[in-house]
Structure formats: structure tokens, C-alpha cells
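**Student:** With the input below, show me the fold.
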Amino acid sequence: MENYIFSMEKVLDYREDIEIKKAEEFAKIKFEISKIEEEINKLTMELSHLKEKIGSINKVSELMQTQLYIQLLEENIDMKKLLLLEKNRSLEEKRIELTKAQTDRKVMEKLKEKDYREFKYKKNMKEQKELDDISIMKFKRAKN
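**Tutor:** Numbers count the residues shown, from 1 in each chain. The predicted model follows:
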């Protein structure tokens, strides 16, 4: 009997490719989120340092520059937090897409496993029938 060939192997391969693509997209957004979080932490530390330093400033012009820079840092932090919120939403969407792609692939793998079990069963039945036929022929020969 011939070797096993799954008739929907290309569909399974396609679903595996989709899953890989979705996993890469998920990882990319996760990486972007970590970068944004690092930037927020860096800006927050810089803001904290400036707020501590502001009490020791003696010149009005330097104080005004520092205040403007603090305001700029606060605006940047707010923008980064909004971007982070948007990326987290996007990450959740990608998580849902990845989960669906994994489920689709697993469905095809289960179908392949079931198809393979059926193939093996039919192969075993055919072999058993051949063995039975050989036994019957030997019995008939021995009887004659």
C-alpha cells in the first residue's frame, strides 16, 4: 500500500504560515510596547531629577527654561502614555488574531491525525484481509 499523504497538507501549511505571521506581529508590538515603557521611565526619571534641581536654581532665566523644559517633558510623557495605550489595544487585537490562528492550525492538525488513524486502520484491514486470503489458500491446498 502507498505511503500516507494528507489531502489538505497545503491548507495546514497555510494555517501554520498565518500563525507564524500573527506571532511575529504580536512579538513586534510587544517589543514596541517595551520600548515605549523604557522611554516613559527615562522621561519620568529626568522629570523627577529636574523637579529636585529646581529648588537650587538662582537665576530667573534658568528657572524659566527649566519650567518650560519640565512642561515639555510632561507633555512628552502624556503623549507616550497615549501611544502606549493605543499599542496595548493593538496588542490585545493581535493576541486575539494569534489565538484564532493557533486554533485554526490545531483544527487542521486534529483532522490530519484523524485522517492518519483512518489510513492506518484501512491499511491494517487490507493487510489482514490479504493474510486471511493467504491462510485460506494454504488451508485449501493442505486439504487437497
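**Student:** what residue ranges in the protein score low on pLDDT?
**Tutor:** 1, 144 (pLDDT under 70).
**Student:** what's the distance between the spatially most central residue of the chain and residue 87?
**Tutor:** Among the residues of the chain, residue 23 comes closest to the average C-alpha position under Cα atoms, centre = their mean, at 2.6 Å. Distance, residue 23 to residue 87, using Cβ to Cβ, to the nearest Å: 17 Å. Every C-beta, even on glycine, is put in place using the N, C-alpha and C of the backbone.
**Student:** Could you tell me which residues make contact with the residue nearest to the centre of the chain?
**Tutor:** 98, 101 (Cβ atoms under 8 Å, 6 or more residues apart in numbering).
**Student:** Count the residues that sit near residue 52.
**Tutor:** Using other Cβ atoms under 10 Å, residue 52 has 9 neighbouring residues.
**Student:** Show me what counts as buried in stretch 105-120.
**Tutor:** Residues 105, 108, 112, 119 are the ones in stretch 105-120 that count as buried (16 or more other Cβ atoms under 10 Å).
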